[in-house]
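> can you look at this prediction? I've put the sequence above it.
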Amino acid sequence: MTPTVIGLVAGTLTSVAAIPQVFKTLKSRNVRDISVWQPLLLAFGVALWMVYGFLINDLPLIVANIIPLVCNVGLTGMKMRFGTNDFNDYGK
């Protein structure tokens with residue numbers, strides 16, 4: 001495998017990794033077992049990768065981070081919208 005192929009495979013896998021969780025969460029509206037911090041921190045991290053991609057003018061880096069950014073922002077939003085009582089139930 002060439003470095004380019006490895007990079008393309010890695011970018012594809014990390015780009016689509018959150019999609020199954022988004023669909024499952026949309027369908028079930030169950031966010032109890034999702035930490036708000038995981039998708040929030042991932043969204044912030046991929047946003048920074050996108051900014052870095054813009055700064056160095058690297059289109060593949062920018063494109064590879066669009067889907068995970070949308071997915072993780074969506075998961076964070078769903079956690080906040082559907083998980084209204086989650087914080088009150090910890091420790092029970």
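In hand now; what should we look at? Numbers count the residues shown, from 1 in each chain.
> state the pLDDT value of the most centrally placed residue in the chain.
Geometric centre of the chain, nearest residue: N72, 3.0 Å, by CA atoms, centre = their mean. On the pLDDT scale, N72 is placed at 93.
> also the one 3 residues further on?
The per-residue pLDDT reported for L75 equals 92.
> what number of residues lie near it?
23 (other CB atoms under 10 Å). C-beta here means a position set from N, CA and C on the backbone, and glycine is covered the same way.
> got it, and M78?
19.
> which intervals of this protein have sub-threshold pLDDT?
Scanning the chain for pLDDT under 70 picks out the ranges 84-92.
> let's see it at 90
Residue ranges of the chain with pLDDT under 90: 1-18, 29, 31-36, 38, 58-64, 80-92.
> with just CA atoms, put the host helix or strand of the residue nearest to the centre of the chain into CSV.
Assigned by DSSP states H and E, N72 belongs to helix 66-82. Output of helix 66-82 as CSV, limited to C-alpha atoms (Å, rounded to 0.1, in the frame of the first residue of the first chain):
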residue,chain,number,x,y,z
ILE,A,66,-16.6,17.8,7.0
ILE,A,67,-18.6,14.6,7.7
PRO,A,68,-17.2,14.0,11.2
LEU,A,69,-17.8,17.6,12.1
VAL,A,70,-21.4,17.5,11.0
CYS,A,71,-22.0,14.1,12.8
ASN,A,72,-20.4,15.1,16.1
VAL,A,73,-22.1,18.5,16.2
GLY,A,74,-25.3,16.6,15.5
LEU,A,75,-24.7,14.1,18.3
THR,A,76,-23.9,16.9,20.7
GLY,A,77,-27.1,18.6,19.7
MET,A,78,-29.1,15.4,20.1
LYS,A,79,-27.5,14.8,23.5
MET,A,80,-28.5,18.3,24.7
ARG,A,81,-32.0,18.0,23.2
PHE,A,82,-33.0,14.4,24.1
